[in-house]
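Undergrad: using only what follows, build the 3D model:
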Amino acid sequence: MAVVIRLSRRGAKKRPFYRVVATDSRSPRDGKFLEVLGTYDPLKAEDQFKIDADKAQSWIQKGALPSRTVTSLLKKAGVTV
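TA: Numbering: from 1, shown residues only. A predicted model of the protein is given here:
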C-alpha cells in the first residue's frame, strides 16, 4: 500500500476548505483516509495552513509521499520534506 499525503476537499460550492490527510494512493480524493494531519483554508486573507508537524514528519519518515501542493505548503510551514 502506497501512502500519500494530500488535500481532501471539504466546504460548500465555491467555498473550499481542505484537510491535509495521509491516505492510500488508490482511494478517491474525498474518500477514506488514515489520519488527518492538518487543515488549509485558501480563502482567508493570509493563507491559513495548520499542520501537526510531528505527525507529518512521522508519515514522511515511514515512506509517505506528499503531493506537490502539500510539499509547497509544508515548506512554507517550515517542515522538512
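Undergrad: residues touching the spatially most central residue of the chain, list them.
TA: With distances taken as Cα atoms, centre = their mean, residue 20 lies nearest the centre of the chain, 2.3 Å away. By Cβ atoms under 8 Å, 6 or more residues apart in numbering, the residues touching residue 20 are 5-8, 36-40, 51, 56, 70, 73. All C-beta atoms are positioned from the backbone trio N, CA, C, and that covers glycine.
Undergrad: which of those count as buried?
TA: For the contacts of residue 20, a burial check counting by 16 or more other Cβ atoms under 10 Å picks out 5-8, 37-38, 40, 51, 56, 70, 73.
Undergrad: tell me the average confidence for stretch 74-81?
TA: The average of the pLDDT scores along stretch 74-81 is 85.
Undergrad: what are the buried residues along it?
TA: 74, 79.
Undergrad: now, among the buried ones among the contacts of residue 20, which is nearest to residue 26?
TA: The shortest approach to residue 26 among the buried ones among the contacts of residue 20 belongs to residue 6, at 12.3 Å (Cβ to Cβ).
Undergrad: could I get the contacts of residue 20 as CSV with secondary structure and distance to residue 24?
TA: Putting these into CSV (DSSP: H, G, I helix; E, B strand; the rest coil; distance: Cβ to Cβ, whole Å) gives the following:
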residue, secondary structure, distance to residue 24
5, strand, 12
6, strand, 11
7, strand, 15
8, strand, 12
36, strand, 15
37, strand, 15
38, strand, 19
39, strand, 21
40, strand, 20
51, strand, 20
56, helix, 17
70, helix, 16
73, helix, 21
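Undergrad: nearest to residue 25, of those residues?
TA: Residue 25 lies nearest to residue 6 out of these, by Cβ to Cβ, at 8.7 Å.
Undergrad: neighbours of the closest residue to that closest one other than its chain neighbours, just the number please.
TA: In space, and not counting its chain neighbours, residue 6 is closest to residue 67: 4.3 Å by Cβ to Cβ, 6 or more residues apart in numbering. Residue 67 has 13 neighbouring residues, counting by other Cβ atoms under 10 Å.
Undergrad: and residue 67, how far from residue 23?
TA: 10 Å (Cβ to Cβ, to the nearest Å).
Undergrad: need the overlap of contacts for the two.
TA: Joint contacts of residue 67 and residue 23 (Cβ under 8 Å, 6+ apart) are 4-6.
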